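>>> Sequence and predicted structure below; questions after.
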Amino acid sequence: MLIAEKDRVAIREMFGEMVNPVRLVVFTEGSLQLPGRQKCMYCEQTVQLAQELGELSDKLSVEVYNFDVDKEKVDEYGVVRVPAIAVVGEKDYGVRYYGIPAGYEFTALLEDIIDVSKGTTDLSAHTLEQLARLDEPVHIQVFVTPTCPYCPAAVRFAHKLAIHSDYVTADMVEAQEFPEMAQRYGVYGVPRTVINEDTHMEGAMPEEYAMLYVLKAAGKLTEDEADRLAAIMR
C-alpha cells in the first residue's frame with residue numbers, strides 16, 4: 001500500500017469537494033522491453049498509486065493502458081512517454097503527469113483532480129483575461145523532483161491554465177525519471193518551466209509574473225507587459 005490509512009481518511013474528505021467525475025488515464029510500458037528504451041522504473045508504482053486513489057471516491061475512476069499496445073489511446077491522449085497520467089474530467093483539459101507524482105507532487109495531483117472535477121480554478125480574473133488572448137497552441141512543461149517544495153506551485157499554475165484554455169496543454173515532467181529531457185532543456189535546478197520549447201522560466205513565480213512568460217512564448221505581450229517582463233528578467 002502506497003497511501004497510508006491516515007492519509008486515505010484525509011484524501012476521502014478532500015475528495016468530498018469533487019463535483020463531476022474524473023478519470024485518471026494511466027499509461028504504462030508493456031511486459032516486453034523494447035530495444036533502445038530504458039526500463040520504466042516507476043510504471044508499476046504509478047499504476048498502483050492511481051488505483052489506490054480510485055478507491056477513495058466514487059467520482060474517481062482509473063483506466064490503465066499499455067503504451068506499446070494501445071496505440072489508439074496513446075494517440076488520443078498524445079502521450080509520448082511512460083509512466084504518464086492524464087487527468088480527465090468532462091473533457092480532456094490537457095493536464096498531464098509524466099513520471100510518478102510522488103513527494104510534494106502528490107498534493108498537486110490531488111488538487112488537480114478537484115479542479116478538473118469542478119472544471120474551474122482560482123486563477124485571478126486578470127489572468128483569465130490575459131489567457132483569453134491566446135489563439136494558438138501553447139505547450140508548457142514543468143520539470144520537477146519529488147523533494148522540491150517549490151515545484152507544485154509551478155505545476156499547479158500550468159495545469160490551471162490548461163483547465164481554462166483549450167489552447168494550453170501542460171505537463172509535469174519528473175526530471176530524474178527523464179534525464180535525457182532534463183539535459184535537452186538545460187534543467188540544472190527545479191522547478192524549470194519550458195514554454196513552447198524556447199521560453200524558459202526558473203523557479204515558482206507569482207501568477208502575475210508567470211503569466212507574462214506564457215504571453216511572451218505565445219507572442220501576445222503588450223508593450224507595457226514586455227517592459228514589465230524585461231524588468232523581471234534583469
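Yep, it's here.

>>> can we go C-alpha only for contacts and neighbour counts from here?
OK.

>>> Show me where the chain dips below the pLDDT cut-off.
30-37 (pLDDT under 70).

>>> The same query, at a cut-off of 80, please.
30-38 (pLDDT under 80).

>>> So which residues of it form strands?
22-28, 60-66, 84-88, 95-98, 138-144, 168-174, 192-195, 199-202 (DSSP state E).

>>> Can I get those in a markdown table including mean neighbour count and distance to Gln51?
Shown next, in a markdown table, are those (neighbours: other C-alpha atoms under 10 Å; distance: least, C-alpha to C-alpha, whole Å):
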| stretch | mean neighbour count | distance to Gln51 |
| --- | --- | --- |
| strand 22-28 | 24 | 9 |
| strand 60-66 | 18 | 6 |
| strand 84-88 | 26 | 12 |
| strand 95-98 | 27 | 15 |
| strand 138-144 | 25 | 23 |
| strand 168-174 | 25 | 20 |
| strand 192-195 | 25 | 29 |
| strand 199-202 | 16 | 33 |
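
>>> now those strands in TSV, with distance to His159?
Shown next, in TSV, are the strands of the chain (distance: least, C-alpha to C-alpha, whole Å):
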stretch	distance to His159
strand 22-28	15
strand 60-66	18
strand 84-88	10
strand 95-98	6
strand 138-144	9
strand 168-174	6
strand 192-195	12
strand 199-202	15
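
>>> Figure out which of those strands is closest to Tyr42.
strand 22-28 (9.0 Å; C-alpha to C-alpha).

>>> List the strands paired with the closest one, with their directions.
With DSSP bridges as the test, strand 22-28 is paired with strand 60-66 (parallel), strand 84-88 (antiparallel).

>>> Alpha carbons of that strand, as CSV, please.
Included here for strand 22-28 are C-alpha records, laid out as CSV according to Å, rounded to 0.1, in the frame of the first residue of the first chain:
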residue,chain,number,x,y,z
VAL,A,22,-12.8,12.4,-13.1
ARG,A,23,-10.8,9.7,-14.8
LEU,A,24,-7.1,9.0,-14.2
VAL,A,25,-5.9,7.6,-17.6
VAL,A,26,-2.6,5.9,-16.9
PHE,A,27,-0.1,4.7,-19.4
THR,A,28,2.5,2.1,-18.6
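
>>> Need the residues that contact it.
Identification of contacts with strand 22-28 by C-alpha atoms under 8 Å, 6 or more residues apart in numbering yields 43-44, 46-47, 50, 59-67, 74, 79, 82-90, 113, 116-117.

>>> circling back to that earlier point, columns distance to Val95 on top of the strands paired with strand 22-28, output as CSV?
Formatted as CSV, those follow (distance: least, C-alpha to C-alpha, whole Å):
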stretch, distance to Val95
strand 60-66, 15
strand 84-88, 6
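
>>> wait, which of the strands of the chain is closest to Lys220?
strand 138-144 (11.5 Å).

>>> ok and that closest one relative to strand 168-174, angle-wise?
20 degrees (axes from the mean of the first three to the mean of the last three C-alpha atoms, to 10 degrees).

>>> packing partners for strand 138-144?
Applying 3 or more C-alpha pairs under 8 Å, 6 or more residues apart in numbering; DSSP states H and E, we find strand 138-144 packed against helix 151-164, strand 168-174, strand 192-195, helix 207-218.

>>> would JSON lines of the ones you listed with distance to Gly54 be doable?
Formatted as JSON lines, the helices and strands packed on strand 138-144 follow (distance: least, C-alpha to C-alpha, whole Å):
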{"stretch": "helix 151-164", "distance to Gly54": "20"}
{"stretch": "strand 168-174", "distance to Gly54": "20"}
{"stretch": "strand 192-195", "distance to Gly54": "29"}
{"stretch": "helix 207-218", "distance to Gly54": "31"}
